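Asker: All I have is the shape, not the residue letters:
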């Protein structure tokens, strides 16, 4: 794994320097940069692209996945901007979490205009979960109970204040007409810890991602009260209503996509967009995406640029509304 | 009791790949233990990033690291006996009776006997771990933030009460570790603390960077400084066979010491150096009727060796069930799990039984491999002790650099490691121990996050910290371990007073 | 522990104590200035660091009163030799990415070996040996990423 990494990184750097990004056709050394440790969300995003691009023969050489851990992707973001903004071989993984950090000014000194956004290939959706033995059966029950006594509600999520899980909890508080600032939010270490805390009865509500919670929902350990998607999700979640159906205007998609350096030529940018476009229509891709617990969500090229910008401004509004 | 996980674990540990990995780990561990320049903590810290970048699955990495840990506890005795220089912290007491035996021309016997004691300690420790882990994991489901916080209080109380000659220095070390742990993103409020706008610090100081800096880099400087003070290697091992009478004489001591070692290992925060000291002094108090301890008594040799190996196993109990390290070395191994995005804690046993079971089973397997390596092949390790420092130390430095670079691919973290290492050298010169810093670093983060989460749940009401039975028992234990040594020293003083009065 | 002659070096202890007190003050000031919007817990991100700075301050004062013993620093040429090791490390790490693994590791192991008193001939041989051995072990055998730089490209 790391061997590929080694040759690629050095190779790509030399290439970027010497050719100035003059690859018009297929990238000679396709590489995906994951701004995290192996096994995390960015790794999953990179692997989705790497495996399915190769399986559908969009690329003829295997795509290398490199890792650059640090600050939820900030280190990788800075690296691409400052050192590899010309490199047409390199795509880097991002998620709506990156946009959220940018909106809060926590993504270093650069904003969303410092790179070119390539496209999203899939999404997960926010969910609210309770213990299986909880008296709340619907989102309305939960909102009503929260409204009645917000002080007795410990809401847990896998991240600090300002993280995606906190935002989801805040949307619940907002729906109940309560200030998110006063929410009893418990910041836990990831979705696994949220499940443990729910099962141990330490928190009453958990905020998380659908893909992570679905197994435990199906096993009857926890109950997902609502999915924060525009429509019902397929598979084991088909019986879980959306928040919208239950009368609450709460949506929280977590897209997973890619960006390239600011100075990558249009032709190369377009090559990637076209490749993703073709890729997204194949059954191989659909299988790879489902294996990674992601739902269909393809937004490419200029549409994606616009989407990221609108996301960032939406998050900015929410953040100031929630008192961040 | 459900021992299902253990049988599954043997299935993992006995695959060809994992057997080979375990054997390699045992060999490296014995080597790391035998060489005074590196101990188990930095041995593991150096190997961990490498194992990880090789793409080994998590259970294999854990098997490798556990084998190194146990191997080091075996290997430490070799240099204690032959050089009178402990190979690692757990083997300090081994030198007390081991070196005199070697001077009497009984080096081979000392090595064999201490190897057998290590084996007994390791097997008892592994059995204890296998039985105890599921019990504690069952209890641990009831651990919420409040309980974890009280557990940390207990851990610090244990650490504070077992400190050596200078408690102020130990406590300062702990606080420094706690302070280092606050660098980076605050897990609760999302604020950046002490990052100085450096993105590479936004996730905090990487554990590997801290450990390698504190242990390897500062050690290299110390070795250079002490180089002039030559030590003599005892090269004549003498006969390797032990006398039956010595074995029977030390069996009781070894078994008792293994139990002491296991219990001390389970206590969060205390490691082999503490347990071997307790085991040795206990053995001395009980058995030293003729004043032979310190002059080459086989029981004085067996006690610390049995206990430090049992401690290594015991230290896995809190690590695997609560996600809290039982010793400095298991703190590093926790870091290994985190590197794989595996959250250690009570769910680990049910969700990833192959990791817990594989590790526990590998300890049984590993002890047999170690016995094989350490009895007939002990000569090889004895010879390696003669590798000159000018060849060895640069090698350690290279490994340190590669170790840090391979997880981050960043030169910044290497510089950070060097800076930490230099400060570590200054601290060691001022008489500070490095282990409290590491433990403060690991335990501190858990302590702060859980205290704040507990108070977030209760809305600021501190009574949540005393609400559950588990918390109350832990508070009781914390008070007990804090007061116990005071009582002991008071009693000792009274006895002294009485003796002088008589 | 394997005791080196413990010279009572109270001055070192006192200096260290003053450094700790200064650190406590700086850390406390830094801690009380941490920037955050709000916290869901009553303590927030500042309380813990500030509490730590108080504890360190108190311990620093205790240490200042009873500095105990410490080993003492080497002097003269030995001190220079010891301090040369971090200097060599800094230079070689700075060369690590631009010059590559082989060159920086060769220089590092050569220099450190000489600081340890190895004759030049052996140190050179050792340096070459280290560079080749570790490259072989990590890049070839374990497939760990190392910067190639100017050699082994």
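Answerer: Okay, I see it. Note that this is a predicted model, so its numbers are computed, not measured. Numbers count the residues shown, from 1 in each chain, chains lettered A, B, ... in the order given.
Asker: Excluding chain neighbours, give the residue nearest to the residue nearest the centre of chain A in space.
Answerer: Taking Cα atoms, centre = their mean, the centroid of chain A lies closest to residue A:95, which sits 3.5 Å from it. Leaving aside its chain neighbours, residue A:95 sits nearest to residue A:256 (5.1 Å; criterion: Cβ to Cβ, 6 or more residues apart in numbering or on different chains). C-beta coordinates here come from the backbone N, C-alpha and C atoms, glycine included.
Asker: How about the secondary structure of that neighbour?
Answerer: Secondary structure, DSSP: H, G, I helix; E, B strand; the rest coil: residue A:256 is strand.
Asker: Please apply the same query to residue A:206.
Answerer: Quick answer, by three-state DSSP: residue A:206 is strand.
Asker: Quick one: residues contacting it.
Answerer: Counting by Cβ atoms under 8 Å, 6 or more residues apart in numbering or on different chains, residue A:206 touches A:128, A:129, A:130, A:155, A:156, A:157, A:194, A:195, A:197, A:198, A:213, A:222.
Asker: Show me which of the residues you listed is closest to residue B:17.
Answerer: Within the contacts of residue A:206, proximity to residue B:17 (Cβ to Cβ) peaks at residue A:195, which comes in at 31.4 Å.
Asker: Kindly confirm my reading that the closest one forms part of a helix.
Answerer: Yes - counting by three-state DSSP, residue A:195 is part of a helix.
Asker: Quick check, it in contact with residue A:216.
Answerer: Yes - with contacts counted by Cβ atoms under 8 Å, residue A:195 reaches residue A:216, the gap being 5.7 Å.
Asker: When those two are compared, which one has more neighbours?
Answerer: residue A:195 (25 against 21; other Cβ atoms under 10 Å in any protein chain shown).
Asker: can you pull the contacts of the more buried one?
Answerer: Shown in contact with residue A:195 (Cβ under 8 Å, 6+ apart): A:206, A:213, A:216, A:221, A:222, B:347.
Asker: Which members of those residues occur in strands, if any?
Answerer: Of the positions in the contacts of residue A:195, A:206, A:222 sit in strands, assigned by DSSP state E.
Asker: Now render the contacts of residue A:195 as JSON lines, adding pLDDT.
Answerer: Output for the contacts of residue A:195, formatted as JSON lines (pLDDT from 0 to 100):
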{"residue": "A:206", "pLDDT": "94"}
{"residue": "A:213", "pLDDT": "87"}
{"residue": "A:216", "pLDDT": "85"}
{"residue": "A:221", "pLDDT": "86"}
{"residue": "A:222", "pLDDT": "91"}
{"residue": "B:347", "pLDDT": "76"}
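Asker: List just the nearest of the contacts of residue A:195 to chain C.
Answerer: Set against chain C, the nearest of the contacts of residue A:195 by Cβ to the nearest Cβ is residue A:206 (14.7 Å).
Asker: re earlier: which residues does the residue nearest to residue A:95 bridge with?
Answerer: In this entry, residue A:256 is beta-bridged to residue A:95, residue A:122, by DSSP bridges.
Asker: burial measure for it, as a count.
Answerer: By other Cβ under 10 Å, the residues close to residue A:256 number 25.
Asker: Okay then, goodbye and thanks.
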